[in-house]
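Asks: A predicted structure for the sequence below; I have some questions about it.
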Amino acid sequence: MIRYKRTTLANGLVVLVNRDRASKLAAVNILYRVGARNEDPDKTGFAHLFEHFMFRGTHQVPDFDVPVQMACGENNAFTNNDYTDFYITLPKENIATALWLESDRMRNLNINEEACAIEKQVVIEEFKQRYLNQPYGDELMLLRDLCYKHHPYRWATIGISPEHIASATTDDVRSFYDRHYRPSRAILAISADIDEDEAIRLVEEYFGDIEDSGEKIAPIPQEPPQSEPRRLEVERDVPATDITIAFHMGDRLSRDFFLGDLASDLLAGGESSRMVNRLVKEQGLFSSVNAYITGSLDAGLFVIKGRLMPSTDEAQAEEALWEELYDLCRGNVSDYELAKVKNKFEANMLMGEINIMNKALNLSFYELTGDITLINREAEIYCSITREELSNFATRCFTHNNSSTLIYRAKER
């Protein structure tokens, strides 16, 4: 159970505080409600660019890392399609340093031509190295574009093309910053052995006078139901062929999310899972297999995939993946399997409550979902799932009309 106190400042900043009496450290997590989903289709990659840019420094603090290190702290950040997150851990006595730094860069980022040129080049090189010049680098990008036709989930966090970042002007960058990096677009969470009211007072001291200004955020275009199967076959210079099949499923607050998450773990959650045992160890069709859900805020994807052995026939491999899905549709899940994956989820959640950084990050994330009470209810939801529900979910989700198949074929040598 994670206990917390929640308040909202007059400028719209949501504040969540968890008192952890067992820790000597403080974790400060600030989540901005901006990810790749908030980008213009002609100007993608900006959310990821700002993950980099926020460390460039402000007019007051030219190097963000120096005061963090002087306060004996560590910091980092990440971006995905739904949000951008920044976090700092440091001794609780130095928490004011973290709040000062985060409040300063929320509105005072030093956006200039030189900084833009440097960070744009960094992101462009990352795009090339990780996605264009890496084996299987564009695989997920192709899958997204195949599955989504309207929702901005159709492009990855890195963006559609490095040209979008290359052509970005300083005014474009400043406009994105002004629109999204402001109090009402942020969630600040603290986990530390500090009185909740005192922590909120400190947040008010550093963030309370920041004006919340900016244009209204446009609604996200939603993806209509898929009505026919989709298929894409490409050939790449890679060592082995991948087959990936994706299915649309419910959003983060739907029960389908938990059903899909549990189903994916049944299929490929570890070395003793059914897909690993059947398709890799027993039948020898694949060198590796995986099943996962994308975990998106809006309607996401259930993905099943396998990397073929050199002697495996593609049609046979694809049929084998479908057979695993059909087995779930038939309700062929033992009590032992179901109990095992439920216990795993419960254990992972309990372990996540020990680390103060996890608690601060999770408080921010669950607030973002629109139902923060899930932070203390998810284990109960997973434990309540029945075999019949899993079968019903699989029957509804794993249909050919709801499928998108990507054959990522290795070139013949």
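Replies: Structure's in. What do you need?
Asks: Which parts of the stretch 51-200 of the chain are strands?
Replies: Along the stretch 51-200 of the chain, counting by DSSP state E, counting those that start in this stretch, strands occupy 74-79, 84-91, 186-192.
Asks: Provide the partner residues of residue 245 in its beta bridges.
Replies: With DSSP bridges applied, residue 245 shows beta-bridge pairing to residue 304, residue 405.
Asks: isn't it right up against residue 319?
Replies: No: with the criterion set as C-beta atoms under 8 Å, residue 245 and residue 319 do not qualify as a contacting pair; they are 11.2 Å apart. Where you see a C-beta, it was placed from the backbone N, CA and C, and this is true even at glycine.
Asks: Out of the strands of the stretch 51-200 of the chain, which gets nearest to residue 406?
Replies: Using C-beta to C-beta as the measure, strand 74-79 is the one of the strands of the stretch 51-200 of the chain that comes nearest residue 406, at 23.9 Å.
Asks: what pLDDT, on average, does that closest one get?
Replies: Strand 74-79 carries an average pLDDT of 96.
Asks: Packing partners of that strand?
Replies: Helices and strands touching strand 74-79, by 3 or more C-beta pairs under 8 Å, 6 or more residues apart in numbering; DSSP states H and E, are helix 46-53, helix 65-70, strand 84-91.
Asks: Pull the residues that contact it.
Replies: When contacts are taken as C-beta atoms under 8 Å, 6 or more residues apart in numbering, the neighbours of strand 74-79 outside the stretch itself are 35-36, 47-48, 50-51, 54-55, 64-65, 68, 84-90, 157.
Asks: list the contacts for the spatially most central residue of the chain?
Replies: Centre of the chain computed as the mean C-alpha position; nearest residue by C-alpha atoms, centre = their mean is residue 80, 4.8 Å away. Going by C-beta under 8 Å, 6+ apart, residue 80 touches 35-36, 157.
Asks: that older thread, how about the strands of the stretch 51-200 of the chain in CSV, adding distance to residue 402 and mean neighbour count?
Replies: As requested, the strands of the stretch 51-200 of the chain are exported to CSV (distance: least, C-beta to C-beta, whole Å; neighbours: other C-beta atoms under 10 Å):
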stretch, distance to residue 402, mean neighbour count
strand 74-79, 29, 16
strand 84-91, 31, 22
strand 186-192, 33, 28
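Asks: Can you list the residue ranges for helices in the stretch 151-300 of the chain?
Replies: In the stretch 151-300 of the chain, the segments counted as helices under DSSP state H, counting those that start in this stretch are 162-166, 170-180, 196-207, 255-268, 274-275.
Asks: re earlier: same list (the helices and strands packed on strand 74-79) but as a markdown table, adding mean pLDDT.
Replies: Output for the helices and strands packed on strand 74-79, formatted as a markdown table (pLDDT from 0 to 100):
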| stretch | mean pLDDT |
| --- | --- |
| helix 46-53 | 93 |
| helix 65-70 | 95 |
| strand 84-91 | 98 |
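Asks: I'd like to know which of these is closest to residue 373.
Replies: Of all the helices and strands packed on strand 74-79, strand 84-91 comes closest under C-beta to C-beta, at 20.6 Å.
Asks: Which residues does the closest one contact?
Replies: In this structure, residues lying in contact with strand 84-91 by C-beta under 8 Å, 6+ apart are 24-32, 34-35, 47, 50-51, 54, 68, 71-79, 97-98, 101-102, 356-357, 360-361, 364.
Asks: please redo it, this time with the cut-off set to 7 Å
Replies: Taking C-beta atoms under 7 Å, 6 or more residues apart in numbering as the criterion, the residues outside strand 84-91 that touch it are 24-32, 34-35, 47, 50-51, 54, 68, 71-78, 97-98, 102, 357, 360-361, 364.
Asks: Drop anything exposed from these.
Replies: Of all the contacts of strand 84-91 considered here, the ones buried according to neighbour count by 16 or more other C-beta atoms under 10 Å are 25-32, 34-35, 47, 50-51, 54, 68, 71, 73, 75, 77, 97-98, 102, 357, 360-361, 364.
Asks: Can you pull the poorly scored residue ranges out of this structure?
Replies: 413 (pLDDT under 70).
Asks: got a list of what residue 19 touches?
Replies: Under the contact definition (C-beta under 7 Å, 6+ apart), the residues listed for residue 19 are 193-196.
Asks: Next up, identify which helix or strand residue 319 is on.
Replies: If you go by DSSP states H and E, residue 319 is part of helix 314-329.
Asks: Send me that helix as PDB with only the CA atoms.
Replies: Taking Å, rounded to 0.1, in the frame of the first residue of the first chain, the C-alpha atoms of helix 314-329 are listed here in PDB:
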ATOM      1  CA  GLU A 314       7.500 -19.200 -42.700                       C
ATOM      2  CA  ALA A 315       4.000 -20.500 -43.200                       C
ATOM      3  CA  GLN A 316       4.500 -23.200 -40.500                       C
ATOM      4  CA  ALA A 317       5.900 -20.700 -38.100                       C
ATOM      5  CA  GLU A 318       3.000 -18.300 -38.600                       C
ATOM      6  CA  GLU A 319       0.500 -21.100 -38.100                       C
ATOM      7  CA  ALA A 320       2.300 -22.100 -34.900                       C
ATOM      8  CA  LEU A 321       1.900 -18.600 -33.500                       C
ATOM      9  CA  TRP A 322      -1.800 -18.500 -34.300                       C
ATOM     10  CA  GLU A 323      -2.200 -21.900 -32.700                       C
ATOM     11  CA  GLU A 324      -0.900 -20.500 -29.400                       C
ATOM     12  CA  LEU A 325      -3.500 -17.800 -29.500                       C
ATOM     13  CA  TYR A 326      -6.300 -20.200 -30.400                       C
ATOM     14  CA  ASP A 327      -5.200 -22.300 -27.400                       C
ATOM     15  CA  LEU A 328      -6.000 -19.300 -25.100                       C
ATOM     16  CA  CYS A 329      -9.300 -18.900 -27.000                       C
END
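Asks: Give the burial count for the nearest residue in space to residue 292 that is not next to it in sequence, as a bare number.
Replies: Once its chain neighbours are removed from consideration, residue 292 has its nearest residue in residue 264; the separation is 5.1 Å (C-beta to C-beta, 6 or more residues apart in numbering). Burial of residue 264, expressed as a neighbour count using other C-beta atoms under 10 Å, amounts to 20.
Asks: And residue 384, by the same measure?
Replies: 11.
Asks: correct me, but residue 366 touches residue 378?
Replies: No: with contact defined as C-beta atoms under 7 Å, residue 366 does not reach residue 378; the gap is 8.9 Å.
Asks: quick one, which of these two is more surrounded?
Replies: More neighbours sit around residue 366 than around the other of residue 366 and residue 378, counting by other C-beta under 10 Å; the figures are 23 against 18.
Asks: All set now, cheers.
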